[in-house]
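1. dropping the sequence and predicted coords here.
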Amino acid sequence: MTGIREPQQERSRTTRRRLVEAALDSFGERGWHGVTVAGIAERAGVSRGAAQHHFPAREDLVVAAVDLLGEAQIDELRAQAADLPSGASRIERVVEMVLNLYTGPLFRAALQLWSVAATDEALRDVLVPLEARVGREAHRVTVELLGVDESRPGVRELVQATLDLARGLGLANLLTDDTRRRSQIVREWARTLELRLG
């Protein structure tokens with residue numbers, strides 16, 4: 001009996017993952033109002049019934065999508081962490097990693113959701129606690145990668161400023177490729193952190 005359940009559970013997890021990834025792509029391309037569960041199901045290559053079984057409403061997909069988004073961002077940081085140098089050059093690489101994290105299609109999808117949540121109370125109620133959890137995890141991993149001690153005055157604020165700067169640069173990158181300017185900012189912010197974090 002267990003042998004039968006495992007492949008079925010695996011198929012269910014795979015279907016769920018495909019739906020969430022299709023939702024993120026759809027939110028990023030079409031925005032909240034241009035997306036339906038049926039459209040996401042079609043994009044994921046699953047039946048509408050299967051989609052509604054896993055996610056009866058778009059809000060349910062948002063919860064799963066934000067979870068996946070946060071997970072993907074943290075996984076990306078951790079994967080890159082293996083190649084980090086030691087010493088002063090480490091800070092610049094960490095800053096570059098964090099600032100580049102907010103330039104891809106996943107961030108674009110998140111922005112679509114944030115934008116709607118600003119005026120849609122139901123979506124905001126779903127999104128705010130999720131974003132707070134994702135933000136705390138991103139902050140924790142950034143502290144870990146920088147190798148800093150948050151009990152020192154100002155360190156917590158500098159780490160948070162790094163994440164806030166990353167989001168702002170992600171916004172600037174939406175309409176035009178901001179790579180060149182961002183690389184200059186990476187260098188300057190890394191110097192600031194080196195001086196302040198010592």
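-> Received, thanks. Residues are numbered from 1 along each chain as shown.
2. so which elements touch the helix or strand containing Arg136?
-> Assigned by DSSP states H and E, Arg136 belongs to helix 121-146. With contacts defined as 3 or more C-beta pairs under 8 Å, 6 or more residues apart in numbering; DSSP states H and E, helix 121-146 has these neighbours: helix 58-81, helix 88-101, helix 105-117, helix 155-172. For glycine as for every other residue, the C-beta is placed from the backbone atoms N, C-alpha and C.
3. in JSON lines, list the ones you listed along with distance to Arg181.
-> JSON lines is the format used below for these (distance: least, C-beta to C-beta, whole Å):
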{"stretch": "helix 58-81", "distance to Arg181": "22"}
{"stretch": "helix 88-101", "distance to Arg181": "11"}
{"stretch": "helix 105-117", "distance to Arg181": "17"}
{"stretch": "helix 155-172", "distance to Arg181": "8"}
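4. which parts of the helix holding Arg136 are buried?
-> 123, 126-127, 130-131, 134, 138-139, 141-143, 145-146 (16 or more other C-beta atoms under 10 Å).
5. likewise for stretch 98-114?
-> Residues of stretch 98-114 classed as buried: 98-103, 106-114 (neighbour count, 16+ other C-beta under 10 Å).
6. how far off centre is it?
-> In terms of C-alpha atoms, centre = their mean, to the nearest Å, the centre of stretch 98-114 is set 6 Å apart from its chain centre.
7. got it, and stretch 130-145?
-> The answer for stretch 130-145 is 10 Å, by C-alpha atoms, centre = their mean.
8. let me see the mean pLDDT of stretch 121-129.
-> Mean pLDDT, computed over stretch 121-129, is 85.
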